[in-house]
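Asker: here's my sequence, what's the structure:
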Amino acid sequence: MRPPPPRHDHVRAVALFQAATIGALVLASALLGATAKAATSTIGRTWPIAEPDALSEIEARTARLPSDMRGQFGPRSRWTAMKAASLAPATVNRTRNVVPFYSLDTEIRLPDGKVLYPRGFTFNPLDYVTLPQRLVVVRPRDLAWALQTARLTDFILLAAGDARDEDAITLSERTGRPIFILEERVKQRLGLTVAPVVVRQQGKRLELTEVRIDRRGHRKDATTTSARERRPQP
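Answerer: Presented below is the predicted three-dimensional model:
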C-alpha cells in the first residue's frame, strides 16, 4: 500500500526551512570571514615563551652603543678589509687568454660517504657558469679612465695604490658608482699581473686586455701583442 502523497503545505514548509538554513549558513560564514583577522583559536597545550624577545635585545644593546661608531674603528686606511691586492702598472697594450682552472683543497663526499670529487680535482669553472659582465681593474690614479671605459653593467675593481690615494668607499660616494676592492684571491684566480686590465669571458676562457695609460690619463697607442693561454695558480 503506497503512502499518501505529501500535502502542499508540508512541502512548502520544508522548502522554507531549507532556504532559511542555507541563508543562515551563508550569513554565518560571512561574519566569520569578516572577523577572521581578529579571532584566533588554540588547539592543544600551550606554554609561555621562555626566551627573551630578540628585537627587544637588539634595541637594548643598540641603545648602549655610541651615537657615532666611526671613532671606534679608526681611519679607513688602517682597516684590513680595505686592503686591496697590488698590481704593477701596465707598460704595453696586450691581450692574453687565461683558463681559470681551480683545484679542490678538500674532497667532496655524498651523504652516504662515497667520494664524489677527490682532493686535488681540477676543473674549469667556466664550464658551468657564465660571467655576464666585464671586470675593469684599475689603480686609483686611473679611475677616471675606468669610469669612461666601463659600461653600466661592468664591475670596477680597485687595486692597491699609493698611501695618499682615497679609499673605495670615498671614491664610490664621490663618483656615484659602485667601486669594489680587488681581493688577493681574485687576483690569483684570474691571473692578473698589471692594471688597467679589462677581463671578459670568451667561451671557456677569460680574455685579459691590458692597457697602458700615460700620465695624462689617455691610452697610449701601441702595438697590441698576444700572449699564449696560461694557467693561473688555484
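
Asker: hey, where'd the strands end up in this protein?
Answerer: 88-89, 94-98, 102-103, 108-109, 115-117, 122-123, 135-138, 155-158, 179-181, 194-195, 197-202, 205-210, 225-230 (DSSP state E).

Asker: so residue 158 makes contact with residue 136?
Answerer: No: at 10.0 Å, residue 158 does not count as touching residue 136 under the criterion of CB atoms under 8 Å. Bear in mind the C-beta positions are built from the backbone N, C-alpha and C, glycine included.

Asker: one step back: tell me which of the strands of the chain lies nearest to residue 164.
Answerer: Closest to residue 164 of the strands of the chain is strand 155-158 (CB to CB; 14.6 Å).

Asker: what pairs with that closest one, and is each one parallel or antiparallel?
Answerer: With DSSP bridges as the test, strand 155-158 is paired with strand 135-138 (parallel), strand 179-181 (parallel).

Asker: distance check, residue 182 against residue 190.
Answerer: Separation of residue 182 from residue 190 (CB to CB, to the nearest Å): 9 Å.

Asker: out of the two, which sits in the more crowded spot?
Answerer: Neighbours per residue (other CB atoms under 10 Å) separate residue 182 from residue 190, with residue 182 holding more: 24 against 19.

Asker: can you tell me the closest non-neighbouring residue to that one?
Answerer: Among residues not flanking residue 182 along the chain, residue 157 sits closest, at 4.3 Å (CB to CB, 6 or more residues apart in numbering).

Asker: circling back: single out the most deeply packed of the strands paired with strand 155-158.
Answerer: Among the strands paired with strand 155-158, the stretch with the highest mean neighbour count (mean count of other CB atoms under 10 Å) is strand 135-138, at a mean of 26.

Asker: before we move on, the earlier item: and the strands of the chain, which is most packed in?
Answerer: Ranked by mean neighbours (mean count of other CB under 10 Å), these are led by strand 135-138, with a mean of 26.

Asker: returning to that earlier point: looking at the strands paired with strand 155-158, which is nearest to residue 54?
Answerer: Comparing those by CB to CB, strand 179-181 comes nearest, at 32.1 Å.

Asker: and the residue nearest to residue 182, what does it touch?
Answerer: Shown in contact with residue 157 (CB atoms under 8 Å, 6 or more residues apart in numbering): 135, 136, 137, 138, 179, 180, 181, 182, 186.

Asker: just checking, the fourth one touches residue 147?
Answerer: No: shown here, residue 138 and residue 147 do not form a contact pair, counting by CB under 8 Å, at 9.3 Å.

Asker: what's the overlap in contacts for those two?
Answerer: The contact lists of residue 138 and residue 147 share residue 156, where a contact means CB under 8 Å, 6+ apart.

Asker: would you mind measuring from the residue nearest to residue 182 to residue 196?
Answerer: 10 Å.

Asker: what touches both of the two?
Answerer: In contact with both residue 157 and residue 196: 136, 137, 138, using CB under 8 Å, 6+ apart.
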